[in-house]
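Q: sequence isn't available, so here's the structure alone:
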C-alpha cells in the first residue's frame, strides 16, 4: 500500500466501532435502544433523549445529497492532485446527516437530491474511509 499523505481520522472511544465497521466495509451508525433514534457523529449518549443505552447498527449505506460543493483548489499539497473533488453533506435513509466525498466520473450529474451509495476506500492498513458514489438506478 502506498503512503497516504492526507490527514487521517483519530478513532476514539466514541467512534472506534464506526471505524471498525468501515474496515470491514460495513457502515455502522449508533442507535438509541430507548427512543430508537439514529445519530451521527458518534458519541456516547443519544442527543434526542440523553440515554447511554446505545447499539451500533449496520445501515443501508444509501442516501441523498443534502448539499454539496465542488472543491476546485486543494488547500493542502496532499489534495492538489485530487481537484476537482466533491465534498457533500448526505442524508442517509436512516435520517442522519453525514459529511463525505462523492467520487466517480459523473461529478457533473450531482445535484441536491441525487441518490448515492457508500463505497469504502482502504487508505491505510488501519483506516478505511467511507465515501459515496452515484447510486445505480
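A: Yep, it's here. Keep in mind that this is a model prediction, so the values were computed, not measured. Numbers count the residues shown, from 1 in each chain.
Q: what's the closest non-adjacent residue to the residue lying farthest from the centre of the chain?
A: Among the residues of the chain, the one whose C-alpha is farthest from the average of all C-alpha positions is residue 34, by CA atoms, centre = their mean at 24.8 Å. The shortest distance from residue 34 to any residue that is not its chain neighbour, by CB to CB, 6 or more residues apart in numbering, is 4.2 Å, and that residue is residue 51. C-beta here means a position set from N, CA and C on the backbone, and glycine is covered the same way.
Q: quick one: contacts for that neighbour?
A: Taking CB atoms under 8 Å, 6 or more residues apart in numbering as the criterion, residue 51 is in contact with 32-35, 45.
Q: for the nearest residue to residue 112 once chain neighbours are set aside, name its beta-bridge partners.
A: If you skip the residues right next to it in sequence, residue 112 has residue 65 as its closest partner in space, 5.6 Å away by CB to CB, 6+ apart. For residue 65, the beta-bridge assignment (DSSP bridges) gives partners residue 90.
Q: for burial, what's the neighbour tally of the nearest residue in space to residue 6 that is not next to it in sequence?
A: Computed as CB to CB, 6+ apart, the closest residue to residue 6 that is not its neighbour in sequence is residue 78, at 4.5 Å. Other residues near residue 78 come to 12 when the count uses other CB atoms under 10 Å.
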